[in-house]
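>>> okay, sequence plus prediction incoming.
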Amino acid sequence: MSYAMTPPWVVSRRMMAMKAGRSRRGRDRGSRNGFPMGFEPFFPGKPKVSRGDVRIAILHLLADEPMHGYQIMQELNERSGGMWRPSPGSIYPTLQLLSDEGLIQADEHDGKKVYRLTADGQAIVESAEEAPPWERFGTGPNDGLSDLRDVGFQVGAAVMEVGRSGTEAQIARAHQILEQTRKDIYRILADDEEGETS
């Protein structure tokens, strides 16, 4: 039966089913950190970053050496221990704003804009009382959080692999290990609470 002869409501249902199928295939394709796309791990995501954080972070980086935009994004990622992954949409508009304010200057090198501080920009960095923003994301009370997150991703990837290719006995054994691990982790929190009240 052609679409021209098919009742409209049937065509509509077929189109919805086709879209749903494409959506499912899109979620199954690829992975991130060992998890399938669309899976949200139970770890804190990106830290809250304000426009002021981006601004002062760029000035601090350029106080070390001139950089182009991609270098700035890489440096912020590395210095925050992977906790801060700024996007071009937050970096380049801020660079333009800082340039308009006369705090940085852009020079062309090998077809790329390389930014450096002006005297006014250097003065702002020298007068800043707070530490660079990335230190809040990579250090302090959350020390080791990125390492814990990475291990969690790796465990998740191993569990998925057992689920895909393991035997029934291996899957059952993995389940026992995970169940015991879950209890042990909660016991860590319980022990801490007991220590605080004792």
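Okay, I see it.

>>> can you point me to the longest helix in this structure?
The longest helix of the chain (DSSP state H) is helix 168-197.

>>> quick one: buried residues of it?
By 16 or more other C-beta atoms under 10 Å, the buried positions in helix 168-197 come out as residue 174. For glycine as for every other residue, the C-beta is placed from the backbone atoms N, C-alpha and C.

>>> show me what that helix is packed against.
Using 3 or more C-beta pairs under 8 Å, 6 or more residues apart in numbering; DSSP states H and E, the elements in contact with helix 168-197 are helix 145-165.

>>> relative to helix 168-197, how tilted is the helix it packs on?
Angle of helix 145-165 versus helix 168-197, following axes from the mean of the first three to the mean of the last three C-alpha atoms, to 10 degrees, is 160 degrees.

>>> strands of this structure, start to end?
Secondary structure of the chain (DSSP state E): strands at 31-32, 35-36, 67-68, 104-109, 112-117.

>>> just put these in TSV and tack on distance to residue 124.
Formatted as TSV, the strands of the chain follow (distance: least, C-beta to C-beta, whole Å):
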stretch	distance to residue 124
strand 31-32	37
strand 35-36	41
strand 67-68	17
strand 104-109	10
strand 112-117	9
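
>>> of those, which is nearest residue 173?
Across the strands of the chain, residue 173 has its closest neighbour in strand 35-36 (21.8 Å, C-beta to C-beta).

>>> what's in contact with stretch 107-120?
Around stretch 107-120, the neighbours that count as contacts under C-beta atoms under 8 Å, 6 or more residues apart in numbering are 58-59, 62-63, 66-69, 72, 95, 98-99, 101-106, 125.

>>> contact partners for residue 122?
residue 63.

>>> against residue 151, how distant is it?
According to C-beta to C-beta, to the nearest Å, residue 122 and residue 151 sit 41 Å apart.

>>> repeat that for residue 55.
Going from residue 55 to residue 151 by C-beta to C-beta gives 34 Å.

>>> swap in residue 190?
For residue 190, the distance to residue 151 equals 21 Å [C-beta to C-beta].

>>> what about the chain, any weak spots by pLDDT?
1-50, 137-146, 192-198 (pLDDT under 70).

>>> per-domain residue ranges of it.
Following automatic domain parsing, one finds the domains of the chain at 51-141, 145-197.

>>> one step back: would JSON lines of the strands of the chain with mean neighbour count be doable?
JSON lines is the format used below for these (neighbours: other C-beta atoms under 10 Å):
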{"stretch": "strand 31-32", "mean neighbour count": "12"}
{"stretch": "strand 35-36", "mean neighbour count": "14"}
{"stretch": "strand 67-68", "mean neighbour count": "17"}
{"stretch": "strand 104-109", "mean neighbour count": "14"}
{"stretch": "strand 112-117", "mean neighbour count": "17"}
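
>>> go through those strands and name the closest to residue 182.
Closest to residue 182 of those is strand 35-36 (C-beta to C-beta; 18.0 Å).

>>> what's the neighbour count on residue 121?
22 (other C-beta atoms under 10 Å).

>>> cool, thanks, signing off.
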